[in-house]
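1. Coordinates only, no sequence provided:
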């Protein structure tokens, strides 16, 4: 064996060893994530949600099968019979503080698919002009109404909260500047109609408008409309899809802190 052949063979073995070591490290990291970190996140997440509900005097933690709910809408078919209502985690809602202007006094906050009203109560911790929730499942709407009536954010700054029973497609968009919140509440055919309603409302009355879209499965419905631009995004999360969020704005609307898209790398403090 020549010296060149010997060194080539050695380098090849070192690369193989390094590749195997890196692969083993990745597998160990994935195993740690699945068996330790992710369950720990969910435990912390659940306890934060329970604590928020307790402090606010509401109940939004329990889940509900959508096929057991009363829904009077032509768009019911766009929901899966096995789909389960789950409120967006309180920790995931922190993204709203990154993307909205510091001053929100003139903004109407609209939660499309508001469920039991957790997001409405959370949003009332800021000085929105008013807050509206739209929900098409009668039972969820009823719980949300009770939550709004008896509960309040520990540091409530907006008391003008309204819950509307109805289809988001038929909701009449206020003429005020608006923030629309969506936690992947419906499939693309319905979302396209909602997006078009926002577009028509803006073209009729130009004003600042924002969209905060969690678990943005059908983000292309916004991306394909030139009127909307991404202002902030977090499209990779090791915790769950709940933490994936894209914030849109009507072109020209101000934004609070538009950092670049980034990976939501887990940290022990969260």
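-> Received it, and whenever you're ready, just let me know what you need. Model, not experiment: these values are computed from the prediction. Residues are numbered from 1 along each chain as shown.

2. any chance you could map the helices in this protein?
-> In the chain, the helices defined using DSSP state H lie at 3-32, 38-56, 95-99, 118-123, 138-150, 188-204, 220-223.

3. same for the fourth one, what does it pack against?
-> Packing contacts for helix 118-123, counted by 3 or more Cβ pairs under 8 Å, 6 or more residues apart in numbering; DSSP states H and E, involve helix 38-56, strand 108-112, strand 130-135, helix 138-150, strand 161-165, strand 178-183. All C-beta spots, glycine's among them, are computed from the backbone N, C-alpha and C.

4. got a list of contacts for the fourth one?
-> Looking back up the chat, that one is helix 138-150. Contact partners of helix 138-150, identified using Cβ atoms under 8 Å, 6 or more residues apart in numbering, comprise 56-60, 64, 69-72, 85, 114-118, 120-121, 133, 135, 161, 163-165.

5. That one vs strand 161-165, what angle?
-> 160 degrees (axes from the mean of the first three to the mean of the last three Cα atoms, to 10 degrees).

6. What residues of helix 138-150 count as buried?
-> By neighbour count on 16 or more other Cβ atoms under 10 Å, the buried set for helix 138-150 is 140, 141, 143, 144, 145, 147, 148.

7. residue ranges with poor pLDDT in the stretch 51-200 of the chain?
-> Applying pLDDT under 70 to the stretch 51-200 of the chain flags residues 71-82.

8. Let's see that with 80 instead.
-> Scanning the stretch 51-200 of the chain for pLDDT under 80 picks out the ranges 65-84, 97-98.

9. And the helices and strands packed on helix 118-123: which comes nearest residue 100?
-> Proximity to residue 100 (Cβ to Cβ) singles out strand 178-183 among the helices and strands packed on helix 118-123, at 6.4 Å.
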